[in-house]
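Q: whatever this is, show me its structure:
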Amino acid sequence: MTTFERDAKTLELPWPFTGRTDELDLVRRSVSAGHAGIAVTGPAGCGKTRLVTEALRGGDCARVAGTPETRQLPFAAFAHLLPDTVSLHRAVQLLARVRLLLVDDAHLLDDASAALVHQLAVQGRTRLVVVATDGAPMPGAVSRLWTGEVLPRLALAPLPREETAQLLAAGPEPLTFHRLYRLCQGDLRLLRDLVGAVRDRRVRVPGPDEWAWRGPLPLTATVRERAARVLDRTDPDERDLLELLAFGEPLPLDMDDLDLRRLERLEADGLVRVEDHGAVRLAHPLHGPALRAAAGRLRARRLARGPEEWKAALESEEAELTRRIEAADVRTTPTPVGEWLVAEGAPVPAGYAAVRARFSRLRGELREAAAWAREGLRGAADDPPCRTELALAAAQSGEGTVARDGDATTARPGEAATARGVVGGAADTWLAVARGDIGTALAAVGDEPYDAVRLGAPEKAAGRLPGVFAAHATALARADGPALDRAAELLAERGFLLFAAEAHAQAVRAHRDPRAARTSRTRAAALARRCQGARTPALSGLVLGELTTRQRQIVTLAAAGLSNRQIAEQLTLSIRTVGNHLYSAYARLGTGDRAALSWLVETPEAQPA
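A: As a prediction, this is how the structure comes out:
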């Protein structure tokens, strides 16, 4: 067992500030003239301090912070702003001249400092930005700032998945990123810590500038801090139960080894959860890997599942994924065994990999779908379902370059051969789409009639679709914008995010009310950003509405084939300005590939410069 010692609050270099546009504007407005300020709360590590620091950058701001070591010292947080001996009344008077005050880690303030912050908020002369962590013990004077409506409160959610991915410049491959994101649950401090800790364990992968992480979780100081609730459990029988789950979840509730009384205590403490069908799991994805890493080799060997046990559990996962696909419900479902195999670098059976790839593709997670298909092909290079899923994910995603003069759209070198070997069905349809041949694509629609709806030809699917897919087809055939939006909402509820984005995008063209069309465009763009660079005909031209006027001009010309120099000459701009606008546009469009722009925007004919 290797323990990495590192200060949990120390970051080598700050990551670039990413996303949070609306939240940033809200904080800035809250500290402008005529406003009292704002309280920002959220889970540990979600970026609260970074958000307010970015919002207050360049302004004249006094700063104080609570610390665990000084919670018993009166006015400890304000020691640099107040004399050694001071009353609360005098402290309020002295700080009345401070126009803007940032209070970080307010949940750690001593009682006198908390009371001072509350009084400053009540008297209203000082604008306050108060940052506190959810779930931590908090002085009543701090929590009453928002419960008593003295200050408005921004409850900051974890950074969304797609914006978290933008933080990692040389990014991990999709399954490694999924593992990191799942372990961290939006905790950016933990994410930064893990990315640094596994630096020497990275494995290069073919193709793009990506890396993979396989092997056990490193027990860094931050990991130990975040998993302390299970790692520091003192009752030996409860610890045994937690480790049993760590090596074997999910476990049936009626299993002989499960002590129900201890299980009830663990459930009451929020460490385990019991699902509706009786399976018992650990409550946080980090806890299982942390317990396994801390167990030691002999204990891990005794507790680990044997081959027959994990095969049976994997088959159960595969059956559940298949059932969900057939029930048209691809909302997230736990799959710890398959993810454990990938994390350990163990072979993944091709049948399971193909089902996982299909489940991910239907959810719009196209890069993950391709990654699962590759895992299956590692041990069965000619497996038809995995080859089909790889071709479909590549043809619908923006991960690689579209080979318009070939037979496939590929995400990595060597995958053209894989895609070309797939013949028939949906693969033919989407490989034709990748070549820009929509007519051939529609002619190839066979056993997947919903593809015709996605390609804008609902008449080809008449009477052949069930449920929400039929509703989508009917609304499109009638050019009924509101009905398309309703179908999109139902699709999104069931986890079909890419299909929902396409339905909203089709509604944009069907709406007669410009305001309704703008709403549909916004919803479609928001969903499309969660679909890992998806490029399908329904989404063509959609994302232009997300750019500024100048960015739209430049992106449209770039998509038409003009170089940065030609664009600069045509728009009377510097080449550097054009490059900066393109960089910002790429971030919003979710791509860094100039060749991808023709798929993302509707391009005019290229004009000579």
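
Q: next SSE downstream of the helix or strand bottoming out on mean pLDDT in the chain?
A: Across the helices and strands of the chain, mean pLDDT, DSSP states H and E gives its lowest value to strand 3-4, namely a mean of 41. Sequence order places helix 21-30 as the next helix or strand after strand 3-4, per DSSP states H and E.

Q: so which residues make contact with whatever helix or strand comes next after that next one?
A: Tracing the chain past helix 21-30, the next element assigned as helix or strand by DSSP H and E is strand 37-42. Here strand 37-42 makes contact (C-beta atoms under 8 Å, 6 or more residues apart in numbering) with 26-27, 30-31, 48, 51-52, 100, 106, 121, 126-134, 145-146, 151-158. Bear in mind the C-beta positions are built from the backbone N, C-alpha and C, glycine included.

Q: which of those residues are buried?
A: Buried members of the contacts of strand 37-42, counted by 16 or more other C-beta atoms under 10 Å: 26-27, 30-31, 48, 51-52, 100, 106, 121, 126-133, 145-146, 151, 153-154, 156, 158.

Q: show me these that map onto strands.
A: Leu100, Arg127, Leu128, Val129, Val130, Val131, Ala132, Thr133, Arg153, Leu154 (DSSP state E).

Q: find the nearest non-adjacent residue to the last one, please.
A: Okay, so that is Leu154. Val40 (4.9 Å; C-beta to C-beta, 6 or more residues apart in numbering).

Q: against Phe78, how distant is the one you found?
A: Relative to Phe78, Val40 is positioned 20 Å away (C-beta to C-beta, to the nearest Å).

Q: the more surrounded of these two?
A: Val40 (29 against 22; other C-beta atoms under 10 Å).

Q: so how far is stretch 346-364 from its chain's centroid?
A: Stretch 346-364 sits 19 Å away from the centroid of its parent chain (C-alpha atoms, centre = their mean, to the nearest Å).

Q: domains of the chain?
A: Following automatic domain parsing, the chain resolves into domains at 21-155, 161-224, 227-304, 309-448, 458-539, 543-600.

Q: average pLDDT for the third one, rounded please.
A: Spelled out, that is domain 227-304. The average pLDDT within domain 227-304 is 87.

Q: end-to-end on that domain?
A: 20 Å (C-alpha to C-alpha, to the nearest Å).

Q: about what we covered before: which of the domains of the chain sits closest to Trp15?
A: domain 161-224 (4.8 Å; C-beta to C-beta).

Q: reformat the domains of the chain as JSON lines; add distance to Trp15.
A: Formatted as JSON lines, the domains of the chain follow (distance: least, C-beta to C-beta, whole Å):
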{"stretch": "domain 21-155", "distance to Trp15": "8"}
{"stretch": "domain 161-224", "distance to Trp15": "5"}
{"stretch": "domain 227-304", "distance to Trp15": "20"}
{"stretch": "domain 309-448", "distance to Trp15": "21"}
{"stretch": "domain 458-539", "distance to Trp15": "19"}
{"stretch": "domain 543-600", "distance to Trp15": "14"}
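
Q: weakest of those in terms of mean pLDDT?
A: Across the domains of the chain, domain 543-600 gives the lowest mean pLDDT, at a mean of 74.

Q: show me the strands in this protein, by range?
A: Using DSSP E, strands in the chain cover 3-4, 37-42, 62-65, 100-104, 127-133, 153-155, 202-204, 211-213, 219-220, 251-252, 272-274, 279-282.

Q: nearest to Arg552 among these would be which one?
A: Using C-beta to C-beta, the nearest of the strands of the chain to Arg552 is strand 153-155, at 30.6 Å.

Q: which helices and strands sit right next to that closest one?
A: Using 3 or more C-beta pairs under 8 Å, 6 or more residues apart in numbering; DSSP states H and E as the contact test, the elements touching strand 153-155 are helix 21-30, strand 37-42.
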